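K.L.:
Sequence below, structure please.
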Amino acid sequence: MAGELLTTTTRVRRGLSLALLAASGLLVGCTAVATVGGAPEPEPPLPQGFTVAFNHRSGNRYRSPVSGEWRQGDDLEAMLLNAISSARRSILVAVQELSLPRVAEALVAQQRRGIKVQVVLENTYSQEWSEQHLADLSPRERRRHQQLQALGGGDAVAILRRGGVPMLDDTADGSAGSGLMHHKFLVIDEAVVVTGSANFTASGLHGDAGAPQTRGNVNHLLQIESPELAELFRAEFHRLWGDGPGGAADSRFGLGKDSPGLQRVRVRGTPVAVLFAPHRRRDRANGVEQLDSLLKQTRRSADLALFVFSDQQLGNTLGQLHRRGVAIRLLADPGFANRSFSEVLDLLGVALPDHRCALEAGNAPQRQPLEGVGTPRLASGDKMHHKLAVLDQRTVVTGSFNWSPSAAHQNDETLLIIESPQLAAHFTREIDRLWKGAELGISARLQRKRDRQQRLCGRGRQRLVQDGPVRSG
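P.N.:
Modelled structure (predicted):
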């Protein structure tokens with residue numbers, strides 16, 4: 001068995017390097033050998049067993065399958081395709097949305113070779129879009145349908161169904177679905193995990209069809225070679241899967257599943273902890289409590305790049321760190337940062353009533369606004385989709401877990417905590433890249449919204465809802 005696992009991880013690593021080299025002329029995690037616009041800085045080393053890729057990385061480039069043009073970044077789809085093609089026994093996929101035809105075709109090809117392939121999707125994205133009628137769709141669903149149609153290449157879910165790949169979604173437990181089936185992971189041969197912030201979509205990796213200015217939501221993927229970690233992800237997958245399609249009604253999602261607390265392994269000496277959400281509010285193992293504990297242990301610096309930041313407890317703790325002298329850099333998605341329930345507003349000292357003139361429950365704007373808080377500059381249509389923190393330049397927090405009550409108490413999520421200064425250096429470089437040109441403090445857009453709401457609502461009134469609905473991510 002040890003020899004088989006070594007063969008699997010070696011095959012995945014070698015194939016990934018070749019795939020990314022072919023796609024971009026560059027190696028992820030190694031010194032770059034080509035660049036766009038000048039010689040790049042050498043890549044810092046990675047801990048053994050880890051590979052990391054960023055689809056907006058400066059210095060690397062690949063040819064976009066959406067536009068056909070060369071663009072900066074790592075080809076995250078090539079990373080997924082390589083992992084799938086390396087499998088010899090099994091492939092487990094749990095992802096909110098899979099709409100990439102090439103990924104679907106690769107999974108079908110492996111299924112036909114006799115490799116066991118199983119796929120779990122979020123119910124919102126488990127239907128064949130090619131069978132839907134525009135008249136039956138909401139405006140948001142209609143835009144998605146039109147984008148997928150413009151991509152060409154086929155309907156990924158339909159490809160999987162025609163290919164006989166077993167699939168289910170988070171309604172398989174007999175419910176209407178969990179808050180979100182929000183995982184984003186692959187497990188290959190019970191030996192390798194690929195996970196991170198990215199959904200398996202063109203918008204999540206490359207950019208939108210018909211919108212050449214877009215480069216895809218800002219995302220990353222980690223490949224981790226560890227049978228011990230893979231076993232934890234396999235166990236989570238089978239909590240969701242149960243007996244699968246046609247079996248006993250024992251699939252479990254959301255609060256219906258028994259989510260363990262923080263589980264710890266070592267990946268070739270690197271400490272890794274993983275938490276699978278959700279947990280009930282009274283369960284102190286929940287993800288918000290884990291994040292809060294990590295923040296309170298931070299002594300020097302906290303760098304954060306977050307799609308959603310709506311948990312009051314975590315916002316209050318960051319305010320305490322700031323008053324203690326911890327250096328904080330926090331960048332949030334521009335489309336989210338100015339929502340009334342965003343904790344970015346609290347850190348900027350802003351109270352913003354919602355459209356009903358209500359304030360977030362427990363709202364606590366900082367008396368001393370944080371200077372290092374703002375939004376990155378992105379192409380129109382792209383989102384800053386990381387769920388990322390680097391604490392004291394050694395602890396990396398990542399996964400699918402947005403910093404929200406919904407992630408902790410409703411959604412099926414992955415929260416990863418990795419203790420590695422080497423890996424932290426890679427994520428710090430990504431935050432450095434986003435930091436260049438970021439708009440800090442109260443932007444002109446926020447000030448206009450603030451003035452408008454104050455004219456309509458005055459100071460507003462307190463409401464009871466803890467955070468607003470977020471259906472993407």
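K.L.:
how far away is the residue sitting nearest the centre point of the chain from residue 219?
P.N.:
Among the residues of the chain, the one closest to the centroid is residue 197, at 1.7 Å (C-alpha atoms, centre = their mean). Distance, residue 197 to residue 219, using C-beta to C-beta, to the nearest Å: 5 Å. For every residue, glycine as well, the C-beta is placed using N, CA and C.
K.L.:
Check residue 105 too.
P.N.:
Note on residue 105: its distance to residue 219, by C-beta to C-beta, is 22 Å.
K.L.:
circling back: which neighbours do residue 197 and residue 219 have in common?
P.N.:
385-386 (C-beta atoms under 8 Å, 6 or more residues apart in numbering).
K.L.:
Do a quick rundown of the helices in the protein.
P.N.:
Ranges of helices within the chain are 2-24, 76-86, 101-112, 139-151, 156-162, 202-205, 227-241, 287-296, 312-324, 334-337, 343-347, 405-409, 421-435, 444-457, based on DSSP state H.
K.L.:
Mean neighbour count and mean pLDDT for these - can I get that in CSV?
P.N.:
Formatted as CSV, the helices of the chain follow (neighbours: other C-beta atoms under 10 Å; pLDDT from 0 to 100):
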stretch, mean neighbour count, mean pLDDT
helix 2-24, 17, 54
helix 76-86, 25, 98
helix 101-112, 20, 97
helix 139-151, 15, 67
helix 156-162, 20, 95
helix 202-205, 26, 96
helix 227-241, 20, 98
helix 287-296, 20, 98
helix 312-324, 19, 97
helix 334-337, 21, 93
helix 343-347, 26, 95
helix 405-409, 26, 97
helix 421-435, 19, 97
helix 444-457, 14, 87
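K.L.:
can you tell which of these is closest to residue 182?
P.N.:
In terms of C-beta to C-beta, the element of the helices of the chain nearest to residue 182 is helix 405-409, at 7.2 Å.
K.L.:
so what secondary structure elements neighbour that closest one?
P.N.:
In terms of contacts (3 or more C-beta pairs under 8 Å, 6 or more residues apart in numbering; DSSP states H and E), helix 405-409 is packed against strand 270-277, helix 287-296.
K.L.:
and the first one, which strands flank it?
P.N.:
Meaning strand 270-277. Sheet pairing for strand 270-277, assigned by DSSP bridges, gives strand 263-267 (antiparallel), strand 413-419 (antiparallel).
K.L.:
Residues in contact with the last one: which ones?
P.N.:
Read it as strand 413-419. 182-185, 195, 222, 233, 236, 262, 270-278, 287, 290-291, 294, 394-402, 407.
K.L.:
Show the contacting residues for residue 420.
P.N.:
Applying C-beta under 8 Å, 6+ apart, the residues near residue 420 are 47, 50, 270-271, 394, 396.
K.L.:
rerun that using 6 Å as the cut-off
P.N.:
With contacts defined as C-beta atoms under 6 Å, 6 or more residues apart in numbering, the neighbours of residue 420 are 47, 270.
K.L.:
Now do the phi/psi pair for it.
P.N.:
When read as degrees, to the nearest 10, the backbone of residue 420 gives phi -160, psi 110.
K.L.:
ok, for residue 315, nearest residue in space, not its chain neighbours?
P.N.:
Spatial nearest neighbour of residue 315, excluding adjacent residues (C-beta to C-beta, 6 or more residues apart in numbering): residue 343 at 3.4 Å.
K.L.:
Kindly tell me how buried the nearest residue to residue 385 once chain neighbours are set aside is, as a neighbour count.
P.N.:
Excluding its sequence neighbours, the residue lying closest to residue 385 (C-beta to C-beta, 6+ apart) is residue 217, at 3.9 Å. Residue crowding around residue 217 was assessed by other C-beta atoms under 10 Å; the count is 28.
K.L.:
do you know how far residue 355 is from residue 431?
P.N.:
Between residue 355 and residue 431 the distance is 32 Å, computed by C-beta to C-beta.
K.L.:
Let me know whether residue 207 touches residue 216 as I believe.
P.N.:
Yes. Taking contacts as C-beta atoms under 6 Å, residue 207 lies within contact range of residue 216: 4.7 Å.
K.L.:
now the stretch 351-473 of the chain, which segments are flagged as low pLDDT?
P.N.:
Counting by pLDDT under 70, the stretch 351-473 of the chain has low-confidence residues at 459-472.
K.L.:
which residues touch stretch 188-203?
P.N.:
So stretch 188-203 is in contact with 5, 8-9, 12, 66, 76, 83, 87-90, 95-100, 103, 151, 185-187, 204, 219-225, 227, 229-230, 233-234, 385-387, going by C-beta under 6 Å, 6+ apart.
K.L.:
Could you provide the strands paired with strand 270-277 in JSON lines, with additional columns for mean neighbour count and distance to residue 255?
P.N.:
Supplementary listing: the strands paired with strand 270-277 in JSON lines, determined by neighbours: other C-beta atoms under 10 Å; distance: least, C-beta to C-beta, whole Å:
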{"stretch": "strand 263-267", "mean neighbour count": "16", "distance to residue 255": "19"}
{"stretch": "strand 413-419", "mean neighbour count": "23", "distance to residue 255": "12"}
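K.L.:
Let me know which of the ones you listed is the nearest to residue 138.
P.N.:
Of all the strands paired with strand 270-277, strand 413-419 sits nearest to residue 138, with 24.7 Å by C-beta to C-beta.
K.L.:
returning to what we had before: got the contact list for the residue nearest to residue 315?
P.N.:
By C-beta under 6 Å, 6+ apart, the contact set of residue 343 is 309-310, 315.
K.L.:
and with 7 Å instead?
P.N.:
Contact partners of residue 343, counting by C-beta atoms under 7 Å, 6 or more residues apart in numbering, are 309-312, 314-315.
K.L.:
Out of the residues you listed, which comes closest to residue 171?
P.N.:
In terms of C-beta to C-beta, no member of the contacts of residue 343 lies closer to residue 171 than residue 310, at 25.7 Å.
K.L.:
Can you give me every residue that contacts the closest one?
P.N.:
Neighbours of residue 310 in contact, by C-beta under 7 Å, 6+ apart: 341-343, 404, 467.
K.L.:
Dump the residues you listed to a markdown table, plus distance to residue 211.
P.N.:
A markdown table is the format used below for the contacts of residue 310 (distance: C-beta to C-beta, whole Å):
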| residue | distance to residue 211 |
| --- | --- |
| 341 | 28 |
| 342 | 25 |
| 343 | 30 |
| 404 | 27 |
| 467 | 29 |
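K.L.:
Is it possible to mark the buried ones in those residues?
P.N.:
Among these, the ones that count as buried by 16 or more other C-beta atoms under 10 Å are 341-343, 404, 467.
K.L.:
thinking residue 101 is in contact with residue 158, fair?
P.N.:
No. The pair residue 101 and residue 158 fails to qualify as a contact (C-beta atoms under 7 Å) at a distance of 9.3 Å.
K.L.:
okay, how far is it across stretch 321-339, tip to tip?
P.N.:
Counting by C-alpha to C-alpha, to the nearest Å, you get 23 Å between the two ends of stretch 321-339.
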